[in-house]
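>>> everything below, folded, please.
(chains A and B)
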Amino acid sequence: MADIEPAPPARFDTLPLDAKLLRAVADSGYLTMTPIQAKAIPIVLQGRDVMGAAQTGTGKTAAFSIPLLQRMLKHENPSVSPARHPVRALVLAPTRELADQVADNVKKYAKHTQLRSVVVFGGVDMKPQTAALKAGVEVLIATPGRLLDHIEAKNCVLNQVEYVVLDEADRMLDIGFLPDLQRILSFLPKARQTLLFSATFSPEIKRLAQSYLQDPILVETARPNQTASTVEQRFYGVDDDDKRAVIRQILKDRAIRQAIVFGNSKLGVARLARSFERDGLRTAALHGDKSQDERLKSLDAFKRGEVDLLVATDVAARGLDIADLPAVFNFDVPFNAEDYVHRIGRTGRAGASGLAVTLVTKSDARLVADIEKLIKRKIELDSFELDNDRPRFERRRREESPEREDRPQRATSPALRAPVASADPFFDKPYEASSRDEPPAWEKAKAAAPAAKGLSSYIKPKKQVAALFGGGKKPAPAES
DNA sequence: AAAAAAC
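Coordinates of the predicted model:
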């Protein structure tokens, strides 16, 4: 196990890449590599297994797809008849939209080569996918469920796969995906090059990943789990009833052109989207209860700027590349701290600036403490002063009335701009240390973790919640 | 406390 030294900024054309790939990179407008690309591409070209950790929005997709295409061009597998066109590279992603996006990137970099790629995911007709697979593709990009369908239908054979990539690898290795993932991997040759990429890797997942890699090299360009420094992060202590008004006011005060609003549940997201729509904001919803057609339409309309707000579950938290997105709102604090890092990573991409606002209610204290530990940064909880802070029943009435132009407009509250101490001592309670505080211990990880011992071996231990809530001050809800 | 991923 070796780590590598930081490389100086370098141009793509200094790499030993086929002219066809260099031309595609140039066509894309890229000249110099990002740090993760500069570090990872040479290692992937050597044929080594890689675990790559880099901040959101720093070009991980290119960091694996360009060198993989290069290897496929240069290292023909002699045991395979070229006429059979077996799948040689497999890329797995945790959501359909992300798989689609990765496939777009692969196609872009492969466009001057003979290498063909196809993406398969659920929610859409299998027939076109089947036809493409049967015609033969070298690169297959997929979500797990639909891929297993195609395997069982014998639409594709994976016993010649030479390269495997797990995009958002920590998600692919988590409990919800692991059974499907293991089944897929069981169809692949043991001798292959495996690449794992994500912005977040917990120590547990790093250990688990060892059993899927051979003599890997860790490539990281920053401490993993780190948020982009170009994102301004704000946390506001609010009441549930005020959340929508707070978001609307921030949008107005800061003249925010477009934003994603994340919620924790599909139903909540659907309702919230309707509410913003009633407020006159052009809104689209994105969650797993919508048809795939609707999902793609929502995302597309948002990317084209035809809607102002995309209200989404964590289906949109990871990987999606939306150019110049100015802001992300967490209407709900995410259940997993890792998802906080991914959600706010939709803004501030490629060095741009961005705003990430998280709305915090009293019941979220533990979740916020988790985030604070993960990103290793003190979180200041600000109070928020609504412009029209009249009694609630009247505010409700005014919000429901169609003519809203006559609403009194006050200058931006200074509380919007400057962090202030929490108004509520509840939020100043210390939090419990958690397993996230363990040092990465990458060097020791391999020796310490022989093989995966079953799922329970990496499930995070439950933390002591009571201390966070003032020693049981808060009455426990009956259903929990 | 949820979401995601197959039909």
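>>> return the residues of chain A in contact with DNA strand B.
A:94-97, A:121-124, A:126, A:143-149, A:152, A:174, A:176-177, A:180, A:264-268, A:287-289, A:313-315, A:335-336, A:339, A:366-367, A:477, A:479-480 (C-beta under 7 Å from any atom of the strand). C-beta here means a position set from N, CA and C on the backbone, and glycine is covered the same way.
>>> check whether the residue of the stretch 151-300 of chain A found nearest DNA strand B sits in a helix, strand or coil.
Closest to DNA strand B within the stretch 151-300 of chain A is A:G288: 2.3 Å, counting by C-beta to the nearest atom of the strand. Classification of A:G288 using DSSP: H, G, I helix; E, B strand; the rest coil returns coil.
>>> wait, doesn't it sit right on A:T313?
Yes. If you go by C-beta atoms under 8 Å, A:G288 and A:T313 touch, sitting 6.6 Å apart.
>>> comparing the two, which residue is more hemmed in?
A side-by-side neighbour count of A:G288 and A:T313, using other C-beta atoms under 10 Å, places A:T313 first with 21 against 14.
>>> just give me the residue right at the centre of chain A.
Geometric centre of chain A, nearest residue: A:R318, 1.7 Å, by C-alpha atoms, centre = their mean.
>>> contact partners for the residue of the stretch 151-300 of chain A closest to DNA strand B?
Shown in contact with A:G288 (C-beta atoms under 8 Å, 6 or more residues apart in numbering): A:K266, A:T313, A:V315.
>>> got a pLDDT number for A:A228?
On the pLDDT scale, A:A228 is placed at 85.
>>> residues touching the nearest residue to it once chain neighbours are set aside, list them.
The shortest distance from A:A228 to any residue other than its chain neighbours is 4.3 Å, reached at A:G348 (C-beta to C-beta, 6 or more residues apart in numbering). When contacts are counted by C-beta under 8 Å, 6+ apart, A:G348 touches A:T56, A:G57, A:A228, A:T230, A:V231, A:G354, A:A356.
>>> A:L181 too?
Contacts here follow C-beta under 8 Å, 6+ apart; on that basis A:L181 touches A:L92, A:P144, A:L166, A:M172, A:L173.
>>> residue contacts, the residue in the stretch 51-200 of chain A that DNA strand B sits nearest to?
Proximity of the stretch 51-200 of chain A to DNA strand B (C-beta to the nearest atom of the strand) peaks at A:G145, 2.0 Å away. By C-beta under 8 Å, 6+ apart, A:G145 lies in contact with A:G122, A:D180.
>>> can you select the buried ones from the contacts of A:G348 in PyMOL?
Restricted to buried positions by 16 or more other C-beta atoms under 10 Å, the PyMOL selection for the contacts of A:G348 reads:
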select buried, chain A and resi 56+57+228+231+354+356
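>>> show me where the stretch 51-200 of chain A has its strands.
Using DSSP state E, counting those that start in this stretch, the strands of the stretch 51-200 of chain A run over A:89-92, A:117-120, A:139-142, A:163-167, A:193-198.
>>> helix or strand for A:R377, which one?
Using DSSP states H and E, A:R377 falls within no helix or strand.
>>> how many residues are close by it?
Residues within reach of A:R377, counting by other C-beta under 10 Å, total 12.
>>> surely A:I250 and A:V357 touch.
Yes. Taking contacts as C-beta under 8 Å, A:I250 lies within contact range of A:V357: 6.1 Å.
>>> between these two, which has more neighbouring residues?
The neighbour count for A:I250 versus A:V357, taken as other C-beta under 10 Å, is higher for A:V357 (25 against 21).
>>> could you report the separation of the more buried one from DNA strand B?
From A:V357 over to DNA strand B the distance is 19 Å, taken as C-beta to the nearest atom of the strand, to the nearest Å.
>>> what do you get for A:L381?
A:L381 is 17 Å from DNA strand B, by C-beta to the nearest atom of the strand.
>>> do A:L320 as well
A:L320 sits 12 Å away from DNA strand B, taking C-beta to the nearest atom of the strand as the criterion.
>>> could you pull out the helices for the stretch 51-200 of chain A?
Ranges of helices within the stretch 51-200 of chain A are A:60-74, A:96-110, A:126-135, A:144-152, A:169-172, A:178-185, based on DSSP state H, counting those that start in this stretch.
>>> of these, flag the one that's most buried.
Most buried of these by mean neighbour count (mean count of other C-beta atoms under 10 Å) is helix A:169-172; its value is a mean of 25.
>>> burial measure for A:T194, as a count.
Using other C-beta under 10 Å, A:T194 has 20 other residues around it.
>>> check contacts around it.
Applying C-beta under 8 Å, 6+ apart to A:T194 gives the contacts A:D49, A:Y163, A:V164, A:V165, A:L166, A:Y212, A:L213, A:Q214, A:P216.
>>> switch those residues over to a markdown table; also include distance to A:R244, neighbour count and pLDDT.
Below are the contacts of A:T194 laid out as a markdown table (distance: C-beta to C-beta, whole Å; neighbours: other C-beta atoms under 10 Å; pLDDT from 0 to 100):
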| residue | distance to A:R244 | neighbour count | pLDDT |
| --- | --- | --- | --- |
| A:D49 | 47 | 19 | 98 |
| A:Y163 | 46 | 25 | 98 |
| A:V164 | 43 | 22 | 98 |
| A:V165 | 40 | 28 | 98 |
| A:L166 | 37 | 26 | 98 |
| A:Y212 | 43 | 20 | 96 |
| A:L213 | 45 | 18 | 97 |
| A:Q214 | 51 | 12 | 97 |
| A:P216 | 46 | 22 | 97 |
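>>> so where is the stretch 251-400 of chain A shaky, pLDDT-wise?
For the stretch 251-400 of chain A, residues meeting the criterion pLDDT under 70 lie at A:389-400.
>>> sec struct for the residue lying closest to A:K297 once chain neighbours are set aside, please.
If the residues on either side of it in the chain are set aside, A:K297 comes closest to A:A284, at 7.7 Å by C-beta to C-beta, 6+ apart. Following three-state DSSP, A:A284 is assigned to strand.
>>> list the contacts of A:A284.
Going by C-beta under 8 Å, 6+ apart, A:A284 touches A:A273, A:K297, A:S298, A:L299, A:A301, A:F302, A:V307, A:L309, A:L310, A:V311.
>>> surely A:V44 is within a strand?
No. Counting by three-state DSSP, A:V44 is located in no strand; its state is helix.
>>> wait, isn't it in contact with A:R71?
Yes. A:V44 lies in contact with A:R71 (C-beta under 8 Å); the separation is 7.4 Å.
>>> shared neighbours, those two?
Each of A:Q193 lies in contact with both A:V44 and A:R71 under the rule C-beta under 8 Å, 6+ apart.
>>> coming back round to it: anything in contact with each of A:I250 and A:V357?
Here A:I250 and A:V357 share the contacting residues A:A327, A:F329, scored by C-beta under 8 Å, 6+ apart.
>>> buried subset of the contacts of A:A284?
A:A273, A:S298, A:L299, A:F302, A:V307, A:L309, A:L310, A:V311.
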